[in-house]
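Peer 1: Pasting a predicted model and its sequence here:
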Amino acid sequence: MMKVKKICCIFLLLLLLTTTTNLFAITHEKLVMEIAVNNPSLINSRKDIDLAKLDLKDAKAAYQPTVELVIGSLSSMYTTGLGGPDTTYNGLDDTYFNFNLKISQPLYTWDKINTSVDLNKKIMQIQNIQSNNLFKQLKNELETREAAIYYLKEMKTNLVEQEKMTDQLIEIIEESYLNNLVLEQDVLEAKIIAKKIEIGMKELEKEEKSQLSQIIKLTNLKTLTSEDIQYRVDEEKIKNLLKENKNTLIDRATSLSSDNIQTLSILKSVKADETKIAKNSIYWKPDLALQIETSYSGAKFPFVEENYKLKDQGSIDLTIAITSTIWDGGKKLNDIARTKINEEKANVDIIDTKNQIIQNLNNNLYTMELATSNIEYQELNSQIIDKNIENLIQEYNEGYGDKAQVLKAMLEKSSSDLELIQFKLERATSYFTIMYLIN
């Protein structure tokens with residue numbers, strides 16, 4: 001009975017340890033949330049949206065009247081007599097007030113205000129798209145690096161097994177060397193294999209740290225470790241992408257709804273608005289505004305002191321102000337030409353970006369196809385090596401085989417599996433790049 005209780009306690013302890021370990025695991029979704037909240041680049045992109053909103057408010061403010069108030073000097077009117085006290089001028093109060101209020105309301109501006117508002121709306125739209133696109137890009141980068149760590153862990157596991165087999169191989173060969181059954185060169189070759197595995201492990205650890213540091217940078221989680229990351233690559237999704245029609249993928253990547261093309265299309269419209277504003281600012285196209293100007297001057301402070309209307313003077317003027325540039329040396333003509341060039345450049349940028357996307361997509365599809373072929377080759381090669389290992393083990397068990405040959409064949413199998421993992425990593429990296437382009 002006591003033995004059963006002891007086994008149960010051990011079982012519960014192991015279960016508790018397993019549960020505790022899982023508590024520290026961080027899912028892909030959790031890391032994405034950390035990016036959304038803590039990534040500095042993403043935070044700044046949202047600040048750019050806020051600035052664009054303020055620019056839009058400024059553009060809309062042009063619809064409203066401009067109000068200016070000028071308060072003149074408040075002075076005391078004194079004269080100083082020789083050897084006598086200061087006195088004010090006869091007949092004047094000692095303080096004099098001067099106020100001027102000017103209100104200007106735009107009436108007609110050749111649609112420049114409306115166009116400016118539309119332009120700033122489009123800029124704000126671009127900032128929103130770019131911020132969303134940045135978030136998508138960061139999520140894609142995160143998953144690419146998570147996949148890299150996933151495969152790097154598999155590679156490290158593979159090398160750990162190779163290390164064990166190499167240790168056994170060296171032990172056997174050294175014993176054979178002492179018995180004059182093999183040459184010293186055979187011992188050195190076995191040690192070289194061990195050293196290569198050691199170097200390979202260090203390279204994997206370095207790459208894993210590099211990938212982790214970039215994930216920390218993305219999420220701003222300073223204490224994150226590789227063991228915390230809970231992520232598995234979905235190999236079926238990767239294989240299924242290769243079944244998609246290439247032209248369909250290209251259409252998705254270059255459609256008007258894609259972030260990059262949509263941004264450039266809106267930017268082209270912004271350049272067209274700039275051209276429109278430049279043309280409507282040309283010579284002899286006057287802006288019209290209603291101006292109301294009221295002034296007051298006198299010794300009494302208005303609305304505060306009594307009898308200010310009796311002694312002081314005020315006036316109200318209503319005018320239609322016309323503002324137009326007659327000539328400025330041709331600068332406005334240059335502005336029109338400049339905006340037209342920028343508009344044409346926007347058209348070229350769309351074409352160039354589409355070509356770059358297509359080229360990038362094709363290159364990554366080819367990389368995926370080539371990696372898949374290499375994976376299939378390694379899988380077939382592993383099957384052949386497995387058959388060879390079976391035969392070598394059988395020979396060894398029957399007493400006329402060599403255990404060293406068995407270990408060498410197992411190392412060959414393990415090396416083939418390692419290459420297979422490397423090709424899977426290569427294929428996954430291209431897969432995530434394509435997913436970013438088409439979504």
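Peer 2: Structure received.

Peer 1: What ranges does the stretch 101-250 of the chain have for its strands?
Peer 2: Using DSSP state E, counting those that start in this stretch, the strands of the stretch 101-250 of the chain run over 229-230.

Peer 1: no no, the stretch 301-439 of the chain
Peer 2: So, for the stretch 301-439 of the chain - with DSSP E, counting those that start in this stretch - the strands run 313-323.

Peer 1: Show the low-confidence segments of it, by residue range.
Peer 2: Along the stretch 301-439 of the chain, segments meeting pLDDT under 70 span 301-313.

Peer 1: all helices for it, in order.
Peer 2: 308-311, 331-397, 403-438 (DSSP state H, counting those that start in this stretch).

Peer 1: residues in contact with Glu68?
Peer 2: Leu101, Lys102, Ile103, Ser104 (Cβ atoms under 8 Å, 6 or more residues apart in numbering). The C-beta positions use only the backbone N, C-alpha and C, and glycine is treated the same way.

Peer 1: how about it, phi and psi?
Peer 2: phi -120, psi 130 (degrees, to the nearest 10).

Peer 1: and it, how far is that from Leu101?
Peer 2: Applying Cβ to Cβ, to the nearest Å, the value for Glu68 to Leu101 is 7 Å.

Peer 1: State the distance from Asp186 to Tyr436.
Peer 2: 50 Å.

Peer 1: between the two, which one's more packed in?
Peer 2: Tyr436 (20 against 16; other Cβ atoms under 10 Å).

Peer 1: check contacts around the closest residue to that one other than its chain neighbours.
Peer 2: In space, and not counting its chain neighbours, Tyr436 is closest to Asn140: 4.2 Å by Cβ to Cβ, 6 or more residues apart in numbering. Contacts for Asn140 (Cβ under 8 Å, 6+ apart) come out as Phe432, Thr433, Met435, Tyr436.

Peer 1: For Ala62, which non-adjacent residue is closest in space?
Peer 2: Ile113 (4.6 Å).

Peer 1: quick one: low-confidence ranges for the stretch 101-250 of the chain?
Peer 2: For the stretch 101-250 of the chain, no range has pLDDT under 70.

Peer 1: can you map out the helices along it?
Peer 2: Going by DSSP H, counting those that start in this stretch, the stretch 101-250 of the chain shows helices at 112-178, 184-219, 235-241, 246-254.

Peer 1: Who are the contact partners of the residue nearest the centre of the chain?
Peer 2: The centroid of the chain falls nearest to Leu134 when counting by Cα atoms, centre = their mean (3.3 Å). Residues in contact with Leu134, defined by Cβ under 8 Å, 6+ apart, are Ser41, Leu42, Ser45.

Peer 1: That one and Leu69: what is the separation?
Peer 2: Remark: distance between Leu134 and Leu69 (Cβ to Cβ) = 45 Å.

Peer 1: May I see the buried residues of the helix or strand encompassing Ala36?
Peer 2: Assessed by DSSP states H and E, Ala36 sits inside helix 28-38. By neighbour count on 16 or more other Cβ atoms under 10 Å, the buried set for helix 28-38 is His28, Leu31, Val32, Glu34, Ile35.

Peer 1: cool, and stretch 371-385?
Peer 2: Applying 16+ other Cβ under 10 Å to stretch 371-385 flags Ala371, Thr372, Asn374, Ile375, Gln378, Asn381, Ser382, Ile385 as buried.

Peer 1: Looking at these, spot the one nearest Met155.
Peer 2: Gln378 (13.5 Å; Cβ to Cβ).

Peer 1: Just give the nearest non-adjacent residue to the closest one, would you?
Peer 2: Closest residue to Gln378 apart from its sequence neighbours, by Cβ to Cβ, 6+ apart: Leu420 at 4.0 Å.

Peer 1: Count the residues that sit near that neighbour.
Peer 2: By other Cβ under 10 Å, neighbour count at Leu420 equals 20.

Peer 1: can you check Lys331 too?
Peer 2: 10.

Peer 1: swap in Ile172?
Peer 2: Neighbours around Ile172, by other Cβ under 10 Å: 18.

Peer 1: That one against Lys408, yeah?
Peer 2: No. Between Ile172 and Lys408 there is no contact under Cβ atoms under 8 Å: 10.2 Å.

Peer 1: Let me see the contact set for the nearest residue to Asn381 once chain neighbours are set aside.
Peer 2: Here the nearest residue to Asn381 in space, its sequence neighbours aside, is Ser416; by Cβ to Cβ, 6+ apart that works out to 5.3 Å. Ser416 makes contacts with Gln378, Asn381, Ser382, Ile385, as judged by Cβ under 8 Å, 6+ apart.

Peer 1: quick one, what contacts the third one?
Peer 2: Looking back up the chat, that one is Ser382. Ser382 neighbours (Cβ under 8 Å, 6+ apart): Lys413, Ser416, Asp417, Leu420.

Peer 1: let's see it at 6 Å
Peer 2: Contact analysis of Ser382 by Cβ atoms under 6 Å, 6 or more residues apart in numbering lists Ser416.

Peer 1: and what of the first one?
Peer 2: Residues in contact with Gln378, defined by Cβ under 6 Å, 6+ apart, are Ser416, Glu419, Leu420.

Peer 1: hmm, who's touching stretch 268-278?
Peer 2: Under Cβ under 6 Å, 6+ apart, the answer for stretch 268-278 is Lys112, Thr115, Asp118, Leu119, Lys122, Asp335, Ile336, Thr339, Lys340, Asn342, Glu343, Ala346.

Peer 1: hang on, the first one packs against Lys279?
Peer 2: Read it as Lys112. No. Using Cβ atoms under 6 Å, Lys112 makes no contact with Lys279, being 9.8 Å away.

Peer 1: Tell me which residues of stretch 261-272 come out buried.
Peer 2: Ile261, Gln262, Thr263, Leu264, Ile266, Leu267, Lys268, Ser269, Val270, Lys271, Ala272.

Peer 1: Please read the previous query as pertaining to stretch 188-203.
Peer 2: So, applying 16+ other Cβ under 10 Å, buried residues of stretch 188-203: Ala190, Ile193, Ala194, Ile197, Gly200, Met201.

Peer 1: C-alpha coordinates for that stretch, PDB please?
Peer 2: Extracted in PDB, the C-alpha atoms of stretch 188-203 (Å, rounded to 0.1, in the frame of the first residue of the first chain):
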ATOM      1  CA  LEU A 188      41.900  11.500 -36.400                       C
ATOM      2  CA  GLU A 189      39.100  11.200 -39.000                       C
ATOM      3  CA  ALA A 190      36.600  10.200 -36.200                       C
ATOM      4  CA  LYS A 191      37.800  13.100 -34.000                       C
ATOM      5  CA  ILE A 192      37.400  15.500 -37.000                       C
ATOM      6  CA  ILE A 193      33.800  14.300 -37.300                       C
ATOM      7  CA  ALA A 194      33.300  15.100 -33.600                       C
ATOM      8  CA  LYS A 195      34.900  18.500 -34.000                       C
ATOM      9  CA  LYS A 196      32.600  19.300 -36.900                       C
ATOM     10  CA  ILE A 197      29.600  18.400 -34.900                       C
ATOM     11  CA  GLU A 198      30.800  20.600 -32.000                       C
ATOM     12  CA  ILE A 199      31.300  23.500 -34.400                       C
ATOM     13  CA  GLY A 200      27.900  22.900 -35.900                       C
ATOM     14  CA  MET A 201      26.300  23.000 -32.500                       C
ATOM     15  CA  LYS A 202      27.900  26.300 -31.700                       C
ATOM     16  CA  GLU A 203      26.700  27.700 -35.000                       C
END
